[in-house]
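>>> fold the stuff below for me.
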Amino acid sequence: MGTGAVPGISRRGAGASARTARGAGVNGERHIPVMLDEVVAALNPAAGEHVVDGTFGAGGYSRALLELGADVTGFDQDPDVIRDAAPMLAEFEGRLDLVHAPFSRMDEHFDAGSIDGVVLDIGVSSMQIDQAERGFSFQKDGPLDMRMTQSGLSAADVVNSFAVSDLTRIVGILGEERHAGRVARAIERERALGPIETTRHLAKVVEKVVGRGPKDKIHPATRTFQGLRIFVNDELGELGRALFAAERILKPDGRLVVVTFHSLEDRIVKRFFQDRFGGTGGSRHMPEVSATPATFRAEGKAMIKASDAEAERNPRARSAKLRAGTRTDVAAQPADMALFGLPDLPWPKRKGETGRRIS
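As a prediction, the model looks like this:
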């Protein structure tokens, strides 16, 4: 497991301030930001620097950065997050503002080369999972929704109207479910009897065909729910676009820090940094091709994991991986989504609005 620090980066006393942010969300409720100390150390904010928290959520990262003297702009596409952040906005008046928009559009709100740091914590938040009415989890019964924006195509729409072939690929590729074909056909049979509208209804359908062994650590519907959630929110496409946006707005020596929680997300971040760190092509059998200009440089280890102690305290941290890079003075490269090799799926169309800023 990781050491809990990013080698080569000064912490400027980050640990103490980061600890004060643990458990203090937007309304003071308990919330545990994953790899908080490592994130703060990698960003290494100085007083007066401007950092973008692309996944504001409960404000855990933002609070730690604000307490170290940085100014923060948070992005979140969930209207509930924006509503609940009012007390924190008042507490840090003039130094914290929020934008109600996807983090993939952060470059529409800042000039190129104007930001000192960007942090992205990818995936669904614990607050969303805990709200049964949001439909992210089958632990509590609720409507089969899963939309972070609370608008557009829902998981129920996908489950009840998509072709079996598309359901198979969504569950199989995005959910990494090896029984995806059986799951899709079971959904087709069940919806013929009536719409599947709740989380527990879908979970029971999946459990019946996948089965559950005595040693299974996760519920048999977990992967199906993951695939639907990633699809409904276009999470992989949003992540890729956010990485390109961060590259455009970061100034030289600005830091990009990304925390992921499963292999599909981490693969995208890894490919981005591998490409942006530059290098030369060729081999001993072929002539060397010209170097790709590096828009980021690596500092410390390429990837770190949460410490054993944190993983013990917070189960969500067990799969977390942090990757980071420091911006060079080379102009941002073109945003080519082909870099990530995303699966060809009937992804939901994204809305065109740029977002609303709240200070």
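>>> CA only for contacts and neighbour counts going forward, please
OK.
>>> tell me how far Ala335 lies from Asp344.
Going from Ala335 to Asp344 by C-alpha to C-alpha, to the nearest Å gives 18 Å.
>>> settle it for me: which of those two has more neighbours?
Ala335 (14 against 8; other C-alpha atoms under 10 Å).
>>> okay, the residue nearest to that one when sequence neighbours are not counted: pLDDT?
Once flanking residues are discounted, Ala335 sits nearest to Phe244: 5.8 Å by C-alpha to C-alpha, 6 or more residues apart in numbering. Phe244 is assigned 98 on the pLDDT scale.
>>> now swap in Pro348 and tell me
88.
>>> compute the number of surrounding residues for it.
13.
>>> please apply the same query to Gln150.
Here the count is done by other C-alpha under 10 Å, and Gln150 has 14 residues near it.
>>> how about the nearest residue to it, chain neighbours excluded?
Nearest residue to Gln150, sequence neighbours excluded (C-alpha to C-alpha, 6+ apart): Asp78, at 7.0 Å.
>>> hang on, Asp71 packs against Glu49?
Yes. Using C-alpha atoms under 8 Å, Asp71 is in contact with Glu49, at 6.0 Å.
>>> so those two - more neighbours on which side?
Between Asp71 and Glu49, Asp71 has the larger neighbour count (other C-alpha under 10 Å), namely 23 against 18.
>>> tell me how far that one lies from Ala332.
Taken as C-alpha to C-alpha, the span from Asp71 to Ala332 is 24 Å.
>>> how about Ile122?
Taking C-alpha to C-alpha as the measure, Ile122 falls 22 Å from Ala332.
>>> now swap in Asp266 and tell me
For Asp266 relative to Ala332 (C-alpha to C-alpha), the value is 21 Å.
>>> same question, Lys321
25 Å.
>>> again, but for Gly59
Distance from Gly59 to Ala332, by C-alpha to C-alpha: 29 Å.
>>> longest strand in the protein, please.
strand 250-260 (DSSP state E).
>>> that strand: partners in the sheet, and parallel or antiparallel?
strand 115-121 (parallel), strand 321-327 (antiparallel) (DSSP bridges).
>>> so how far is the first one off the chain centroid?
In terms of C-alpha atoms, centre = their mean, to the nearest Å, the centre of strand 115-121 is found 12 Å from the chain centre.
>>> other residues contacting it?
39, 43, 45, 49-55, 246, 249-251, 253-260 (C-alpha atoms under 8 Å, 6 or more residues apart in numbering).
>>> same thing with the last one?
Strand 321-327 is touched from outside by 39, 42, 247, 250-261, 266, 269-270, 273, 295-299, 302-306, with contacts defined as C-alpha under 8 Å, 6+ apart.
>>> I'd like the mean pLDDT over it, please.
Mean pLDDT, computed over strand 321-327, is 98.
>>> got the CA positions of it in PDB?
What follows is strand 321-327, C-alpha atoms only, in PDB (Å, rounded to 0.1, in the frame of the first residue of the first chain):
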ATOM      1  CA  LYS A 321      -5.300   5.600  -6.400                       C
ATOM      2  CA  LEU A 322      -3.700   9.000  -6.700                       C
ATOM      3  CA  ARG A 323      -1.900  10.300  -9.700                       C
ATOM      4  CA  ALA A 324      -0.500  13.800 -10.100                       C
ATOM      5  CA  GLY A 325       1.500  15.900 -12.500                       C
ATOM      6  CA  THR A 326       3.000  19.500 -12.600                       C
ATOM      7  CA  ARG A 327       2.300  21.700 -15.600                       C
END
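>>> all strands of the stretch 51-200 of the chain, in order?
Secondary structure of the stretch 51-200 of the chain (DSSP state E, counting those that start in this stretch): strands at 71-76, 96-100, 115-121.
>>> can I get the ones you listed in JSON lines with mean pLDDT and distance to Thr222?
Shown next, in JSON lines, are the strands of the stretch 51-200 of the chain (pLDDT from 0 to 100; distance: least, C-alpha to C-alpha, whole Å):
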{"stretch": "strand 71-76", "mean pLDDT": "96", "distance to Thr222": "25"}
{"stretch": "strand 96-100", "mean pLDDT": "96", "distance to Thr222": "29"}
{"stretch": "strand 115-121", "mean pLDDT": "97", "distance to Thr222": "20"}
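>>> dump these into a markdown table; add distance to Thr168 as well.
Putting the strands of the stretch 51-200 of the chain into a markdown table (distance: least, C-alpha to C-alpha, whole Å) gives the following:
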| stretch | distance to Thr168 |
| --- | --- |
| strand 71-76 | 30 |
| strand 96-100 | 33 |
| strand 115-121 | 28 |
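>>> select, out of those strands, the one closest to Ala86.
Smallest distance to Ala86 across the strands of the stretch 51-200 of the chain (C-alpha to C-alpha): 9.9 Å, for strand 96-100.
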